[in-house]
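1. would you be able to build a 3D model of this:
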Amino acid sequence: MTDFPLVVIGASAGGVSALMKLCAQLPSSFPAAVLVVQHVSPAHPSMLPRILSAAGTLHAIHPRDGQTLHPGMIYVAPPDHHLLVDGETVLLSRGPRENRSRPAIDVLFRSAAVEAGSRVIGVVLTGNLDDGTSGLHVIKQAGGLAVVQDPDDAEFASMPRSALNAVKVDHVAPLSELGALLASLVDDRARNHRPTPLASEDVRRLEVELGVAREEHALSKGVTRLGAPSPLTCPECHGTLIEIREGTLVRFRCHSGHAYTAGTLLTEVSESVESKAYQALRALGETVILLRQLSDQRQKQGDPAGAEAFLARAREVEASSEGIRALVRTTRALSVEKVERPDFDG
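-> Presented below is the predicted three-dimensional model:
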């Protein structure tokens, strides 16, 4: 456990610009370590530490695994790695993706809550879907503070709005006010550290989930005991999903370790409909090709009746594929916001 506060920040779509503006507001004497998860592509190097260092007075880095935390520094999760707090150091892992992301905001938030309790301030900024909501809930349970960018001020409001819907947030503020707010809150956290023990069932769940994030074997850690089996399957590995209840949230985790909120799972499943429909169209198209080839073969063998039978079946298969083509044309990926707000275009 650190003897100074931790500010953990999660951002996704629109996050680079928001993080630059926030870092520009933080004073050089900022008495907390800042840890950041920004959803980034795993396929390319990230320039975010250099960008954030240039934006303000605090120095930002991609930390090494096991690097010691210090106040007044910004630690940015590297691409394709979860960032966790581990005592007074950081831990980098390539554990299973959560909410389709690695790094995942929830992983960082949970680990900080377990390691630093009431010394943690969790911040959810702009982004789509709902990564960070579960982790912010844990920060609150552990006695930390929850801060959310005003959804009306965010470039993408889904992540802030999800946090506000599910978590008893302490502060909501526009980006322009977050720096001063965090400076004030960090000073209070440093002077008024009040340990808040987690409930035993939460401790057991977090031990399992953080173990999975650290690349420990999900089944051996007891992931199947986190909840009841659901009728749903993991979009990534197709394993059975365990349903996890956490406050008002419903989440899912498979025995390989992949994790989803209900909202992210809805998006993942609905996005798969189009690709599966095209797979069906491919199979039907190949069936038509083979039926026509067999029809030609029968014709050359002097069997016109057989040739016509294969040709007729080919026409039937072609006709049946029209319904699937219509499905492809009309199917759209869903999200919680798209269902609740049909005019939403984010």
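2. where does the prediction get shaky in this structure?
-> Along the chain, the model assigns pLDDT under 70 to residues 343-346.
3. domain ranges for this structure?
-> Split into domains by automatic domain parsing, the chain comes to 6-191, 217-257, 264-340.
4. so which of these gets nearest E209?
-> Among the domains of the chain, domain 6-191 comes nearest to E209, with 6.5 Å by Cβ to Cβ. In short, each C-beta sits where N, CA and C put it, glycine included.
5. gap between the two ends of the closest one?
-> One end of domain 6-191 to the other measures 13 Å (Cα to Cα, to the nearest Å).
6. wait, H171 sits on P160?
-> No - contact criterion Cβ atoms under 8 Å: H171 and P160 do not qualify, at 11.9 Å.
7. mutual contacts of these two, please.
-> Residues touching both H171 and P160 by Cβ atoms under 8 Å, 6 or more residues apart in numbering: V148.
8. so for the two, which sits in the more crowded spot?
-> Between H171 and P160, P160 has the larger neighbour count (other Cβ atoms under 10 Å), namely 25 against 17.
9. doesn't P151 make contact with that one?
-> Yes - proximity of P160 to P151 meets the contact threshold set by Cβ under 8 Å, at 4.4 Å.
10. could I get the full set of strands for the stretch 51-200 of the chain?
-> Taking DSSP state E, counting those that start in this stretch as the test, the strands found in the stretch 51-200 of the chain are 59-61, 73-76, 82-86, 89-93, 120-124, 145-149, 171-173.
11. reformat these as TSV; add distance to K300.
-> Formatted as TSV, those follow (distance: least, Cβ to Cβ, whole Å):
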stretch	distance to K300
strand 59-61	72
strand 73-76	68
strand 82-86	62
strand 89-93	62
strand 120-124	68
strand 145-149	71
strand 171-173	76
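12. out of those, which comes closest to V317?
-> strand 82-86 (46.8 Å).
13. quick one: the strands in the stretch 201-346 of the chain?
-> Taking DSSP E, counting those that start in this stretch, the strands of the stretch 201-346 of the chain run over residues 228-233, 240-246, 249-254, 259-261.
14. neighbouring strands of the longest one in the sheet, and parallel or not?
-> Meaning strand 240-246. Strand pairing for strand 240-246, determined by DSSP bridges: strand 228-233 (antiparallel), strand 249-254 (antiparallel).
15. so for S28, which of those sits nearest?
-> Nearest of the strands paired with strand 240-246 (Cβ to Cβ): strand 249-254, 37.8 Å.
16. got a list of what the most centrally placed residue in the chain touches?
-> Residue closest to the mean C-alpha point of the chain, counted by Cα atoms, centre = their mean, is N99 at 3.0 Å. N99 makes contact with I105, D106, L129, D130, D131, A259, Y260, T261, T264 under the criterion Cβ under 8 Å, 6+ apart.
17. same check, this time on S230
-> By Cβ under 8 Å, 6+ apart, the neighbours of S230 are T240, L241, I242, E243, F252.
18. derive a PyMOL selection command for the buried subset of those residues.
-> Burial among the contacts of S230 is assessed by 16 or more other Cβ atoms under 10 Å; the matching PyMOL selection reads:
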select buried, resi 241+242+243+252
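19. just put the contacts of S230 in CSV and tack on distance to S230.
-> Below are those laid out as CSV (distance: Cβ to Cβ, whole Å):
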residue, distance to S230
T240, 7
L241, 5
I242, 7
E243, 4
F252, 6
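20. and the contacts of S230, which is closest to P45?
-> Of all these, P45 sits closest to F252, with 31.9 Å by Cβ to Cβ.
21. measure that closest one to A112 for me?
-> Going from F252 to A112 by Cβ to Cβ, to the nearest Å gives 23 Å.
22. same question, I121
-> In terms of Cβ to Cβ, I121 sits 9 Å off from A112.
23. common neighbours of those two, please.
-> Common contacts of I121 and A112 (Cβ under 8 Å, 6+ apart): L6, V8, I139, G144.
24. among the residues you listed, which are located in helices?
-> Among the shared contacts of I121 and A112, DSSP state H puts I139 in helices.
25. which of the shared contacts of I121 and A112 tops the neighbour count?
-> Busiest of those [other Cβ under 10 Å] is V8, holding 31 neighbours.
26. residue contacts, that residue?
-> By Cβ under 8 Å, 6+ apart, V8 lies in contact with 34-37, 85, 108-109, 112, 120-123, 139.
27. how about the helices in the stretch 201-346 of the chain?
-> According to DSSP state H, counting those that start in this stretch, the stretch 201-346 of the chain carries its helices in the segments 218-221, 262-300, 304-330, 336-340.
28. will you turn those helices into a markdown table that also has distance to A180 and mean neighbour count?
-> As requested, the helices of the stretch 201-346 of the chain are exported to a markdown table (distance: least, Cβ to Cβ, whole Å; neighbours: other Cβ atoms under 10 Å):
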| stretch | distance to A180 | mean neighbour count |
| --- | --- | --- |
| helix 218-221 | 41 | 16 |
| helix 262-300 | 32 | 15 |
| helix 304-330 | 49 | 13 |
| helix 336-340 | 30 | 16 |
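29. that'll do, ta.
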